[in-house]
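Participant: would you be able to build a 3D model of this:
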Amino acid sequence: MNRTKRKKTFSRFWVGALLGAALGMGSYGCVVMDQRSPQQLEATFGANKPKIEATFASQWLSPREIWKIYLNGSDPDRDIRWIQVSLWVPGGIMHTARLHVQPQPEGRISGYLTLHTMDLPDSLLRFGNSDLRLYLALEDKAGHVSERAVLSVSLVLGSRQEMPKPGLFQETFLGEVPVRFLQFSPSAGLGTWP
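Facilitator: Coordinates of the predicted model:
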């Protein structure tokens, strides 16, 4: 009887552990949205929207290289929280993704994003001459979104990536454009740009 009791206790332990792990993994990546009204958010975080002050990215890039996208932005309320990114490539659209950032104490942001072109489908990289279009915006804690900046690059074999003039942007890594979430649609084209 003692052996049966140990078996039940052991089984309950593993069922509980597996259930806890499943619940923990199921909640990974979930976001709890702030349930306050826009007026309450503005009262807490401020009514000003962020602004993209400057961007730079090379217009030519060799396939399978890492594209660096430089960005300067600010928010008078000092509450920049995300960089919104969306990508258009021939035959696919990456819907808007948010990259969490830590602004400097004065509410400014300066640095670069990376886009790993080796994560793009081989059909875009094999022959070169593919164009990518990246859309960027800043979002603050109150939900205000800046005007979008649009940057383009052509993937051409043998191209060399240009760099910005020294001193215009900080060499701070802000995040990676998640290319692996690219969704392809047979009807994607110029009329389906984000």
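Participant: point out where this structure drops to low pLDDT.
Facilitator: Along the chain, the parts satisfying pLDDT under 70 run over 1-34, 40, 42-45, 123-129, 180-194.
Participant: strands of that one, residue ranges please.
Facilitator: With strands called from DSSP state E, the chain shows them at 51-57, 60-61, 66-74, 80-89, 92-100, 108-116, 130-140, 149-155, 173-176, 183-184.
Participant: how about the third one: buried residues?
Facilitator: Taking 16 or more other C-beta atoms under 10 Å as the basis for neighbour counts, the residues of strand 66-74 that come out buried are W67, K68, I69, Y70, L71, N72, G73, S74. Every C-beta, even on glycine, is put in place using the N, C-alpha and C of the backbone.
Participant: now tabulate these in TSV and tack on distance to E147.
Facilitator: Listed next are these as TSV, based on distance: C-beta to C-beta, whole Å:
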residue	distance to E147
W67	22
K68	22
I69	16
Y70	17
L71	13
N72	14
G73	11
S74	13
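Participant: and of the strands of the chain, who's closest to S37?
Facilitator: strand 130-140 (15.9 Å; C-beta to C-beta).
Participant: for the closest one, buried residues please.
Facilitator: Quick answer for strand 130-140 (16+ other C-beta under 10 Å): S130, L132, L134, Y135, L136, A137, L138, E139, D140.
Participant: how much space between the second one and V153?
Facilitator: Spelled out, that is L132. L132 sits at a distance of 5 Å from V153 (criterion: C-beta to C-beta, to the nearest Å).
Participant: any shared contact partners between the two?
Facilitator: By C-beta atoms under 8 Å, 6 or more residues apart in numbering, L132 and V153 have these common neighbours: W67.
Participant: closest one of the buried residues of strand 130-140 to H95?
Facilitator: Nearest to H95 among the buried residues of strand 130-140, with distances taken as C-beta to C-beta, is Y135, at 10.7 Å.
Participant: spatially nearest residue to that closest one (excluding sequence neighbours)?
Facilitator: Nearest residue to Y135 in three dimensions, chain neighbours excluded: S86, at 4.3 Å (C-beta to C-beta, 6 or more residues apart in numbering).
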